[in-house]
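Enquirer: Below are the sequence and a predicted model for it; my questions follow.
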Amino acid sequence: MPIPGSSQLLPPLLFLLSLLNDLRAEPLVVDTHSARGRITVADRSYEVGEEVLAEAPALVWPAGSDDSFVLKFLEGAEEQRESILQLAHLSPDSKTERVARLGMTAADVYESLRERMETAGWQLEDLHRLLIIKDTNCFPFYGKRASGYEEGASTGAARQGMFPRCAKVNHSCRPNVMFSSQTEDGRLRLIAIRRIEEGEEVTFSYLGEDGDIMSCGQRAERMRGKDFCCSCARCQGYDDVRGIRCPRCGIIRYPLPRAKQEQEQEQE
């Protein structure tokens with residue numbers, strides 16, 4: 001027997017059930033670390049090859065087109081825009097080469113989209129802050145089907161995507177997950193590449209696979225372009241990813257960061 005008024009209750013009920021399901025499915029939690037600030041930790045253990053997180057893109061746009069990114073952002077839903085703006089951590093007042101370069105880009109984009117900017121009530125500083133967020137947090141996008149892109153569109157990394165949840169995962173030169181958006185549904189997936197214990201921080205490499213063969217100095221130079229200085233265990237101690245087996249004794253030896261090499265030499 002139908003419940004009186006059930007047709008009016010059904011949509012809110014379905015929304016509530018969907019929300020509760022999403023909460024149950026959330027595999028990661030954001031915690032606060034005394035030294036590292038906000039970190040993302042696993043709520044259970046994960047085995048190698050297991051999916052840790054899958055997230056649909058909040059925005060997708062042609063790579064290299066800041067105008068398209070800004071328009072996509074302004075056209076997006078309010079909750080999508082808010083989730084992206086929450087990623088801000090670097091002020092437009094920061095005195096770095098990258099921030100200055102993005103400031104010049106913001107001025108060009110603002111002039112190109114002046115009417116739209118003024119209609120939205122945006123100042124140049126607002127746009128500058130948004131472009132800093134985009135430059136820091138966007139991912140290459142390979143998904144075949146995504147919001148705003150019809151079937152048969154280009155499937156290469158000529159596109160970029162914004163995934164606010166995955167963007168909160170920190171970098172490590174010795175990460176425990178890899179990421180990929182080469183998926184049919186366009187979701188960005190984080191896959192465990194080594195066992196992750198419950199409560200352990202989840203990290204991926206901002207450098208991709210190239211980071212595995214880079215020296216500490218090379219990684220630091222690449223990171224400098226993103227206004228980032230890595231202090232992970234690999235950068236601070238033995239580089240256990242780039243081990244070299246001695247042809248005489250067979251022992252695997254690992255490179256040390258330059259500062260640690262100098263420290264050990266002084267102690268000898």
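Expert: Now that the structure is in, tell me what you want to look at.
Enquirer: Please enumerate the helices of the protein.
Expert: Along the chain, counting by DSSP state H, helices occupy 6-25, 66-75, 78-85, 97-112, 114-120, 124-137, 216-224, 233-236, 258-267.
Enquirer: Quick check: which ranges of this protein have low pLDDT?
Expert: Residue ranges of the chain with pLDDT under 70: 1-37, 144-157, 238, 240-268.
Enquirer: From Val99, how far off is Pro62?
Expert: 24 Å (Cβ to Cβ, to the nearest Å). The way it works is simple: take the backbone N, C-alpha and C, and place the C-beta from them, glycine included.
Enquirer: Compare these two and say which one has the larger neighbour count.
Expert: Using other Cβ atoms under 10 Å, the more surrounded residue of Pro62 and Val99 is Val99, with 19 against 15.
Enquirer: residues contacting Ser68?
Expert: With contact taken as Cβ atoms under 8 Å, 6 or more residues apart in numbering, Ser68 is in contact with Trp61, Pro62.
Enquirer: From the opening residue of stretch 205-222 to its closing one, how far?
Expert: Stretch 205-222 has an end-to-end distance of 12 Å (Cα to Cα, to the nearest Å).
Enquirer: If you count neighbours, what's buried in it?
Expert: Ser205, Tyr206, Leu207, Gly211, Met214, Cys216, Arg219, Ala220, Arg222 (16 or more other Cβ atoms under 10 Å).
Enquirer: The last one against Leu207, yeah?
Expert: Yes - Arg222 is in contact with Leu207 according to Cβ atoms under 8 Å; the separation is 6.1 Å.
Enquirer: residues shared between the contacts of those two?
Expert: With Cβ under 8 Å, 6+ apart as the test, Arg222 and Leu207 both reach Met214.
Enquirer: ok, Gly186 touching Glu55?
Expert: No - counting by Cβ under 8 Å, Gly186 stays clear of Glu55, with 9.9 Å between them.
Enquirer: Looking at these two, which one has more neighbours?
Expert: For Gly186 versus Glu55, neighbours defined as other Cβ under 10 Å are more numerous around Gly186 (22 against 19).
Enquirer: now the more buried one: how far from Pro57?
Expert: 6 Å.
Enquirer: likewise Leu207?
Expert: On the measure of Cβ to Cβ, Leu207 and Pro57 end up 22 Å apart.
Enquirer: What is the neighbour count of the closest residue to Phe204 other than its chain neighbours?
Expert: Using Cβ to Cβ, 6 or more residues apart in numbering and skipping residues adjacent in sequence, the residue nearest Phe204 is Pro175, 4.5 Å away. By the criterion of other Cβ under 10 Å, Pro175 has 24 neighbours.
Enquirer: so how far is Phe139 from Pro175?
Expert: 15 Å.
Enquirer: For Glu50, which non-adjacent residue is closest in space?
Expert: Ala192 (5.0 Å).
Enquirer: Report the contact partners of that neighbour.
Expert: So Ala192 contacts Tyr46, Glu47, Val48, Gly49, Glu50, Glu51, Val52, Asn176, Val177 (Cβ under 8 Å, 6+ apart).
Enquirer: isn't the first one right up against Val52?
Expert: Same thing as Tyr46. Yes - Tyr46 is within contact range of Val52, at 5.5 Å (criterion: Cβ under 8 Å).
Enquirer: and for those two, which residues touch both?
Expert: In contact with both Tyr46 and Val52: Ala192, Ile196, using Cβ under 8 Å, 6+ apart.
Enquirer: For Lys226, see how far away Thr96 is.
Expert: In terms of Cβ to Cβ, Thr96 sits 10 Å off from Lys226.
Enquirer: And Arg187, by the same measure?
Expert: 24 Å.
Enquirer: Which residue of these two possesses the greater neighbour count?
Expert: Shown here are Arg187 and Lys226; by other Cβ under 10 Å, Arg187 has more neighbours (19 against 15).
Enquirer: from what I can see that one touches Ala54, true?
Expert: Yes - in terms of Cβ under 8 Å, Arg187 counts as a neighbour of Ala54; the distance is 4.5 Å.
Enquirer: Need the overlap of contacts for those two.
Expert: Going by Cβ under 8 Å, 6+ apart, no residue sits against Arg187 while also sitting against Ala54.
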